[in-house]
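Participant: With the sequence up front, the predicted model follows.
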Amino acid sequence: MRSPDAQPRFSRRQFVRTTTAAGVAAAAGMPAIARARSGRYAAPAIVRAQDAVKLSYFYPVGVAGPLAQVMQAMVDEFNEAHPDIEVEASFTGSYADTATKVQTAVQGGNAPDVAVLLSTDKQTMLDLGALFPVSDLENDESFDPDDFLPAYWADTQADGQTWCVPFQRSTPVLYYNKDAFAQAELDPETPPETWDDLVAASRSLMDAGATTWGVEIPSTTSAYWLFQALAIQSGQNLIGDNPAEVFFDTPEVVEALTWMVGLSTEEKVMPTGAIDWAAGPTDFSSATTGFLYHSTGSLVSIKSQAEFEFGTAFLPKNKDFGVPTGGGNMYVFKTSDERQQAAWTFVQWMTATDMATRWSLESGYVPTRSSVLETDDWKAYVEETPQATTAIDQLEYALPELTGHQSGQLQKIMNDAIQAAVTEQSSPEDALADAQQQADSILSQFR
Amino acid sequence: MVTTITSPSDQELITAPPVRSGAGRRWQFLTPYLLILPGFLFIAGFTIYPIFLVIYRSLTKQNLAQPTPIWTGLDNFRHLASDPIFHKVFLNTLAYVVMVVPASIIIGFIFAMLVNRSGWAGTLMRSALFYPIVLPLVSVASVWLFIMTPEYGLLARFADIFGMSDPALLRSPGTALWALAIVGIWRQSGFYAIFILAGLQGIDREVEHAARLDGANSLRLTLNIRLPLLWPTLVFVMTLAISNALQTLDLVYVMTDGGPSNSTNLMLFHIFETQFAFTNTGLASALSVVFLVMIGTVSAIQVFVVDRLREETGA
């Protein structure tokens, strides 16, 4: 097809004819080659595509790296393999942006068919009445719920039904710069195990001039998630079993925040102020910081950027090791019977062992199914990237991520408290007491 | 060759026969209303109706816990009166206006004086002034975010080269709002310069020449002649600047997400988040009503003050 931009003297009629044909062919999800042909050749495809079910699919990218391209490639393959279904994928920003867009769309009566949202968004979506339980839909033969890792499958359940499928799951891990370790005469194979070890190692790195800063624990975007790990390590998860209850101001949580703030103010091994989530991986790859708390989903991007040897380790323990699970599940929304079933076909295809393996290898997300760990691709990958196994081993200490009614708002309240403390606007005690009060005033409406 | 042109004389036009029939008179009466009807319907549907709807909703409770609205009177406003986050957002918004408006108008005025000349240099400079406002704000914010990102942003690198410590503007609540204000000023001042320039060029040359003859130097000319004559333009620009500053959303959304610790959370962003991220329709409507009053006040000042000034200065 000749582009009208390249041919200014293209006649109006030609322009309309060509662009219409191309537009229809493009809308029909034709492979690029068919799209490039003239309208005449594309005609049979239009006939074929007329009864295809069209699905809209929203997805975020929550970690570093060009994952949107990988996602589009996978969706294109699905469309090629399923002539009767046509998925249109839309990149919708961060997790929070995506949740906002989905909520707006649902309230406008225009819900997407499938979306990747945080596992913690389940309760909010249920409160909105937006989801369709996938356990009520017809499974492919190959679909096996027992194959998913139990720590991740647990997040998909509510009211005795399955509402979503684990897709891109993660835990936070500790990234550390092995070259800087060697420079500071630390053993690169012995990452710090406790909070005290971490502070001591950070100081050694800085004293040796190996890195500008010892450690960064980001305090924007997913700050509540990293902080939740510190709280769990101190002996108190921020949530319990009741979706209308949170524990933001218990002594253990205060201890965790006090330690985090102290890294900047007392120990001076972390930059002061609110450290940006998205800048974390760049700061680590440029050896600005020797340690980084971040999602395992940033592994592939860090690996491609860092020009030094680095390792991953469990987040150091206080009383015990501990992390929240994290990342996104695929949700199917209430639409029509036909579209729900088509959406379920798509979700099963995207979460099947081969696609799950590919997604983990391309991103660094933790495999969602045990069968992924048996594939040759995964084994070869681990050989080359031993850092990838840390997160799987760490799952033993994993607890559910901060969720509940109005989880997005709870997460913001927690982020605000963390930011107020690290920027020294208020003491950890006051910030957390404030947060508890705000959370209670919201959650009391659901009790 | 002689051509005779016949045309109705003025007299004939004026004494054209008046419409006599009843239907015709009705049409004559209705025509103006019919002509404004499409515009009126548009404003009624997209401005007046939503205003009443938002006022009604501000008096109800509607959120995820209470999906069907229930009447709660002034509860939402009582909640706002005691809500520390709203207080912070309100003060942030006023602070942002104070940071951005005077600075961008003063800079705009200086720009206008500099480019108030003809020739290609003036044209070039006028285009340069105009371009920040035509760029999409989201891309502008992304570029500035890159400049201001601590550790590896352009600003941090420059500070490093000159041996200064990283200003890390976006990391601290004390400086993050200033960081947004800098972008706001950069974007808006050229735009205001265009208005002020138009005002300057509207000043009668003879007044300036007369002042020059009386021995006024450039400073005097600016202070005693140009500024007073520009006053209506400046008030207009000021109200425009205030309402633009009040409506800042994209910068917050892209650069800070309202943080750290709500220090850059501005009214419109807070409304957006309350409604679309937290689905609290009642509270978001109450916030919108407060916002409406703020914007309404600024518009009223413009309508009344500008008109009065126009009359006084005869501009």
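Facilitator: It's in. Numbering: from 1, shown residues only, chains lettered A, B, ... in the order given.
Participant: thought B:Met148 was touching B:Leu180?
Facilitator: No. B:Met148 sits out of contact with B:Leu180 when judged by C-beta atoms under 8 Å, with a separation of 9.6 Å. All C-beta spots, glycine's among them, are computed from the backbone N, C-alpha and C.
Participant: between the two, what contacts are shared?
Facilitator: Between them, B:Met148 and B:Leu180 share the neighbouring residues B:Met255, with contact defined by C-beta atoms under 8 Å, 6 or more residues apart in numbering or on different chains.
Participant: from what I can see B:Ser299 touches B:Leu246, true?
Facilitator: No. Using C-beta under 8 Å, B:Ser299 and B:Leu246 do not qualify as a contacting pair, with a distance of 10.8 Å.
Participant: Tell me which of the two has more neighbours.
Facilitator: Legend: neighbour count by other C-beta atoms under 10 Å in any protein chain shown for B:Ser299 and B:Leu246, higher for B:Leu246 (20 against 13).
Participant: Next one: that one, what pLDDT does it get?
Facilitator: Predicted confidence (pLDDT) for B:Leu246: 94.
Participant: That one touches B:Val298, doesn't it?
Facilitator: Yes. Under the criterion of C-beta under 8 Å, B:Leu246 lies in contact with B:Val298, with a separation of 7.1 Å.
Participant: Run a quick neighbour tally on the residue of the stretch 51-200 of chain B found nearest chain A.
Facilitator: When C-beta to the nearest C-beta is the measure, the stretch 51-200 of chain B has its nearest residue to chain A at B:Arg171, with 3.0 Å between them. The tally of other residues near B:Arg171 (other C-beta under 10 Å) stands at 29.
Participant: what's the distance between it and A:Tyr224?
Facilitator: Per C-beta to C-beta, to the nearest Å, B:Arg171 is found 18 Å from A:Tyr224.
Participant: Which residues of the stretch 301-447 of chain A lie near chain B?
Facilitator: Counting by C-beta under 8 Å from any C-beta of the partner chain, the stretch 301-447 of chain A comes close to chain B at A:405-406, A:408-409, A:412, A:415-416, A:419-420, A:422-423, A:425, A:434, A:438, A:445-446.
Participant: Among these, name the buried ones.
Facilitator: Buried residues within these, defined by neighbour count using 16 or more other C-beta atoms under 10 Å in any protein chain shown: A:405-406, A:408-409, A:412, A:415-416, A:419-420, A:422-423, A:425, A:434, A:438, A:446.
Participant: Looking at those residues, which are in helices?
Facilitator: Assigned to helices by DSSP state H, the following of these qualify: A:408-409, A:412, A:415-416, A:419-420, A:422, A:434, A:438.
Participant: Going by residue numbers, what spans are helices in the stretch 151-300 of chain A?
Facilitator: A:178-183, A:195-207, A:223-233, A:251-265, A:280-285, A:299-305 (DSSP state H, counting those that start in this stretch).
Participant: can you redo those helices as CSV with distance to B:Ala286, mean pLDDT and mean neighbour count?
Facilitator: Supplementary listing: the helices of the stretch 151-300 of chain A in CSV, determined by distance: least, C-beta to C-beta, whole Å; pLDDT from 0 to 100; neighbours: other C-beta atoms under 10 Å in any protein chain shown:
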stretch, distance to B:Ala286, mean pLDDT, mean neighbour count
helix A:178-183, 52, 96, 20
helix A:195-207, 44, 97, 19
helix A:223-233, 27, 96, 27
helix A:251-265, 32, 97, 20
helix A:280-285, 37, 94, 24
helix A:299-305, 42, 89, 20
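Participant: so can I have CSV of these showing distance to A:Glu429?
Facilitator: Output for these, formatted as CSV (distance: least, C-beta to C-beta, whole Å):
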stretch, distance to A:Glu429
helix A:178-183, 35
helix A:195-207, 19
helix A:223-233, 14
helix A:251-265, 6
helix A:280-285, 27
helix A:299-305, 35
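Participant: center of chain B, which residue is that?
Facilitator: Most central residue of chain B, judged by C-alpha distance to the mean C-alpha position with C-alpha atoms, centre = their mean, is B:Asn244 at 2.9 Å.
Participant: What residues does that residue make contact with?
Facilitator: Counting by C-beta under 8 Å, 6+ apart, B:Asn244 makes contact with B:Gln188.
Participant: ok, now B:Gln302?
Facilitator: Under the criterion of C-beta under 8 Å, 6+ apart, the contact partners of B:Gln302 comprise B:235-236, B:239-240.
Participant: tell me the two of the residues you listed that are most distant?
Facilitator: Taking C-beta to C-beta, the two most distant members of the contacts of B:Gln302 are B:Val235 and B:Leu240; they sit 9.7 Å apart.
Participant: need the contact list for the nearest residue to A:Leu361 once chain neighbours are set aside.
Facilitator: Leaving aside its sequence neighbours, A:Leu361 sits nearest to A:Tyr381 (C-beta to C-beta, 6 or more residues apart in numbering or on different chains; 5.2 Å). Counting by C-beta under 8 Å, 6+ apart, A:Tyr381 makes contact with A:360-361, A:388.
Participant: If we only consider those, which is nearest to chain B?
Facilitator: Once C-beta to the nearest C-beta is applied, the member of the contacts of A:Tyr381 that ends up nearest chain B is A:Ala388, at 26.1 Å.
Participant: isn't that closest one right next to A:Leu299, touching?
Facilitator: Yes. At 6.5 Å, A:Ala388 counts as touching A:Leu299 under the criterion of C-beta under 8 Å.
Participant: any chance you could map the strands in the chain?
Facilitator: By default, I'm working from chain A. Along chain A, the stretches classed as strands by DSSP state E are A:53-59, A:85-91, A:114-118, A:157-158, A:161-162, A:164-170, A:172-177, A:213-216, A:289-295, A:310-313, A:323-324, A:326-332, A:398-399.
Participant: To clarify, I was referring to chain B.
Facilitator: According to DSSP E, the strands that chain B contains are B:60-61, B:70-71.
Participant: looking at the ones you listed, which is buried most?
Facilitator: Across the strands of chain B, averaging neighbours per residue (mean count of other C-beta atoms under 10 Å in any protein chain shown) puts strand B:60-61 on top, at a mean of 20.
Participant: got the contact list for that one?
Facilitator: Outside of strand B:60-61, the residues within contact range by C-beta under 8 Å, 6+ apart are B:69-72, B:75-76, B:282, B:285.
Participant: could you redo the last one with a cut-off of 10 Å?
Facilitator: Contacts to strand B:60-61, defined as C-beta atoms under 10 Å, 6 or more residues apart in numbering or on different chains, come from residues A:445, B:66, B:68-73, B:75-76, B:79, B:280-283, B:285-286.
Participant: residues near A:Glu266, how many?
Facilitator: For A:Glu266, the tally of surrounding residues (other C-beta under 10 Å) stands at 11.
Participant: Kindly apply the preceding question to B:Gly190 instead.
Facilitator: Burial of B:Gly190, expressed as a neighbour count using other C-beta under 10 Å, amounts to 24.
Participant: for the residue nearest to it when sequence neighbours are not counted, what are its contacts?
Facilitator: The shortest distance from B:Gly190 to any residue that is not its chain neighbour, by C-beta to C-beta, 6+ apart, is 3.4 Å, and that residue is B:Leu129. For B:Leu129, the set of contacting residues under the criterion of C-beta under 10 Å, 6+ apart consists of B:108, B:111-112, B:114-115, B:189-194, B:197.
Participant: Can you list the low-confidence ranges for the chain?
Facilitator: Just going to use chain A. Within chain A, the set of residues satisfying pLDDT under 70 comprises A:1-50, A:62-65.
Participant: Can you look at chain B instead?
Facilitator: B:1-22, B:118, B:312-315.
Participant: one step back: just the buried ones from the contacts of strand B:60-61?
Facilitator: The neighbour count (16+ other C-beta under 10 Å) marks B:66, B:69, B:72, B:75-76, B:79, B:280-283, B:285-286 as buried among those.
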